[in-house]
Each structure stands twice: as C-alpha cells, then as structure tokens.
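**Student:** here you go, sequence then predicted model.
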Amino acid sequence: MSDTSFPDLVLPDLVMPPDGRQSETARGIQRGALRYLGARGLMGVPEFCLASGRRADIAALDMRGEVWVIEIKSSVIDFRTDRKWAEYRQHCDRLFFAVGPDFPLDILPEDTGILVADPFGAGLMREAPHHPMAGATRRALTLRFARAAAGRLMGLMDPEALRGVAL
C-alpha cells in the first residue's frame with residue numbers, strides 16, 4: 001500500500017453544502033485547490049478555525065504532519081483589503097495563496113507559495129518557503145484539524161449527533 005492510498009476507506013456519497021460566504025469565483029478556486037492537494041496526498045479542511053480565532057480558507061495536512069495554509073484570493077481588491085493572512089504563518093509550515101488564472105501573480109508576496117486554480121484543478125506556480133512550527137503548536141493544530149475533519153464527517157452522516165458539541 002502506498003502512503004497516499006487508503007483501500008479500506010469507503011465513504012458514502014456525502015457532499016458538504018456551501019457555507020454561503022464565498023463568491024462563485026472563490027468556490028471554484030477552493031475546489032481546484034482541494035483537488036490539487038488531494039492529488040498530492042494532502043488532506044484539506046476548508047474554512048478551518050485556527051487557535052487565534054482566524055479562519056483559514058484551507059488548512060491541509062500531509063503524510064508527515066506538515067501543515068499548509070492556503071489563502072484564497074478571488075480578486076485584486078480581495079487581496080488588497082484583507083491583510084489577516086500574515087497572521088497565518090504561525091499556524092502552518094507553508095503558506096500559499098490560491099488565485100484564479102487571471103490574477104496578477106506579481107502582486108503576491110514573494111515569501112509565499114502560489115497556486116493558480118479553477119474549479120477543475122490547480123497548478124503550482126511557486127513553492128512556499130518552509131518555516132516549521134514549534135512542536136507544541138503542531139500538536140495542538142493537528143488535534144484541532146483531526147477534530148474538525150472528523151466532526152464534519154460525523155455531521156454529514158448524522159447531523160443530530162453533534163448538537164451542542166464544540167469542535
């Protein structure tokens with residue numbers, strides 16, 4: 001068995017409903033970025049709440065436990081008016097922007113990775129620098145990630161099961 005296959009894992013046809021906060025463009029970028037991550041063996045959780053209270057557009061975990069945060073920018077105005085992404089560095093090993101095909105890449109910070117995405121996939125335009133988190137931060141974030149992912153799956157399978165439970 002390879003590191004990225006799970007032959008004993010069979011999921012029912014469950015689909016997360018859109019949360020309604022993203023534009024159609026942002027949802028397409030999110031879908032393509034998640035497909036990119038999955039094809040590379042990373043598991044992504046959209047709209048992931050960090051310990052700081054900020055919500056990352058996507059947090060992803062690889063087989064070694066490395067954490068990526070992907071910040072989706074659907075337009076230049078979105079990028080220029082939202083500076084909270086700088087706070088995400090302390091919650092990940094690699095920070096990426098995911099943008100659409102028409103986004104001007106030269107305005108994105110040079111010390112971040114870049115994914116160009118559409119609803120069907122994404123391409124890596126620039127690798128993100130590695131800045132490892134402290135061990136305690138990684139452990140806490142990994143636990144938060146596992147609980148969020150498992151809780152979302154439980155909620156899809158049985159919405160009543162999680163009434164009043166904090167994830």
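**Tutor:** It's in. Numbering: from 1, shown residues only.
**Student:** buried residues, the helix or strand containing F79. List them.
**Tutor:** According to DSSP states H and E, F79 maps onto helix 76-81. Neighbour-count burial for helix 76-81 flags 78-79 (criterion: 16 or more other C-beta atoms under 10 Å). Using the backbone N, CA and C atoms, a C-beta is placed for each residue, glycine as well.
**Student:** what about the protein, any weak spots by pLDDT?
**Tutor:** 1-20, 165-167 (pLDDT under 70).
**Student:** centroid residue for it?
**Tutor:** I58 (1.7 Å; C-alpha atoms, centre = their mean).
**Student:** which SS state does that one fall under?
**Tutor:** Each residue gets one of three states, and I58 gets strand by DSSP: H, G, I helix; E, B strand; the rest coil.
**Student:** in three-state terms, label the closest residue to it other than its chain neighbours for me.
**Tutor:** The shortest distance from I58 to any non-neighbouring residue, by C-beta to C-beta, 6 or more residues apart in numbering, is to I70 (4.1 Å). I70 falls in the strand class when you classify it by three-state DSSP.
**Student:** let me see the contact set for I70.
**Tutor:** Contact partners of I70, counting by C-beta atoms under 8 Å, 6 or more residues apart in numbering, are 33, 37, 44, 56-60, 96-98, 115.
**Student:** mind listing the strands in the chain by residue range?
**Tutor:** 43-49, 55-61, 67-73, 94-99, 113-118, 121-126 (DSSP state E).
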